[in-house]
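What shape does this take:
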Amino acid sequence: MNELREPKFADEGGSDYEVYIRTDELLALQPEPDTWKHRDELLFTVVHQSSELWLKLAVAEIDHALLNIAQEKIQAACRYLARARDCIHYTTSQLPMLEKMTPWDYQHVRTALGHGSGFDSPGFRNLRISLKNLVDSMRGALAGANLTLEELYLSVDENEALYSLAELLVDLDEELMIWRSVHVKVIERTIGGTVSGTQGTPVEVVRNLRDRSIMDELWEVRDDLTGRADRELATD
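Numbering: from 1, shown residues only. Prediction:
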């Protein structure tokens, strides 16, 4: 059994875990103490770098789901979209760590950011592209099944996989709305609610984006179904 303890990649240095995960490179990506303008730069960096990794995984899962949708493997696509949804959830769950900085300590960290802003996040930029493609695929799948969204929601038993796909888009949309809501409260708690961010964007602009949807029809169909129920199921 001792041979199982011997690294297979010994010639590359370190344990197999360190070589495969590339821990030396990974842990060198955060600012070192001798460069800190404030010690909370490490906290700020770890939260945001972790977010970028989760978003990178979310994009990869959505893109793989798109391949499955194109091959009419709807149930398989749903499995990968569930992973993407959870990636966004994990991105949200670490935001409260930023509230562990005092508002004044963050002002010191902020001086190290230059004009850095979450609007420049490659993770969210790529996520927006993948989600747009996902919405197009959802619409295409509905057209291929010769169904409107309302018809789909009225015939779930006959179209279970496609319904699951639609609901996962709702899940993704809702997770993004939750992320924005938490993010706004972190911003307000940290720098205030009537000021501007590092690129001069007023906090109110960010606040107004909270409920933006990737696919408005997914929410509007709820109104349509309620209206239909009021007409067809109402009792005296």
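
need the next SSE after the strand or helix carrying residue 186, C-terminal direction.
Secondary structure assigned from DSSP states H and E places residue 186 in helix 160-190. Beyond helix 160-190 on the C-terminal side, the first helix or strand identified by DSSP H and E is helix 203-207.

I'd like the distance between the closest residue to residue 82 other than its chain neighbours and residue 69.
Spatial nearest neighbour of residue 82, excluding adjacent residues (CB to CB, 6 or more residues apart in numbering): residue 168 at 6.4 Å. No exception for glycine: its C-beta is placed from N, CA and C like everyone else's. The gap separating residue 168 from residue 69 is 11 Å, by CB to CB, to the nearest Å.

And for stretch 138-148, what's in contact with it?
69, 72, 74, 149, 152, 155, 159, 162, 165, 166, 169, 215 (CB atoms under 8 Å, 6 or more residues apart in numbering).

switch to 10 Å and redo it
69-70, 72, 74, 77, 149, 151-155, 158-159, 161-162, 165-166, 168-169, 214-215, 217-218, 221, 224 (CB atoms under 10 Å, 6 or more residues apart in numbering).

got any ranges where this structure has weak pLDDT?
Applying pLDDT under 70 to the chain picks out residues 1-7, 10-13, 116, 197-200, 235-236.

What segments of it are strands?
Assigned by DSSP state E, the chain shows no strands.

quick one: the most centrally placed residue in it from residue 178, how far?
Residue closest to the average C-alpha location in the chain (CA atoms, centre = their mean): residue 88, at 3.1 Å. For residue 88, the distance to residue 178 equals 8 Å [CB to CB].

same thing with residue 112?
28 Å.

Likewise for residue 229?
For residue 229, the distance to residue 178 equals 27 Å [CB to CB].

between these two, which one's more packed in?
residue 178 (14 against 10; other CB atoms under 10 Å).

That one contacts residue 90, correct?
No: the criterion here is CB atoms under 10 Å, and residue 178 misses it with residue 90 at 12.0 Å.

about what we covered before: so for residue 168 and residue 69, which sits in the more crowded spot?
Neighbour count, other CB under 10 Å: between residue 168 and residue 69, residue 69 has more, with 24 against 21.

tell me how far the ends of stretch 194-211 are from each other?
19 Å (CA to CA, to the nearest Å).

er, stretch 141-155 I mean
Chord length of stretch 141-155, first to last residue, is 15 Å (CA to CA).

which parts of that stretch are buried?
Under the neighbour-count criterion of 16 or more other CB atoms under 10 Å, stretch 141-155 has 141, 142, 145, 147, 149, 152, 153 buried.

Residue 185: what's it in contact with?
Residue 185 touches 95, 96, 99, 193, 207, counting by CB under 10 Å, 6+ apart.

Now with 6 Å, please.
For residue 185, the contact set (CB atoms under 6 Å, 6 or more residues apart in numbering) is empty.

Just give the nearest non-adjacent residue to residue 85, would you?
Leaving aside its chain neighbours, residue 85 sits nearest to residue 171 (4.7 Å; criterion: CB to CB, 6+ apart).

sorry, back to before: of the buried residues of stretch 141-155, closest to residue 28?
Proximity of the buried residues of stretch 141-155 to residue 28 was ranked by CB to CB; the top entry is residue 141 with 44.2 Å.

Distance of the closest one relative to residue 165?
7 Å.

One more: residue 67?
On the measure of CB to CB, residue 67 and residue 165 end up 14 Å apart.
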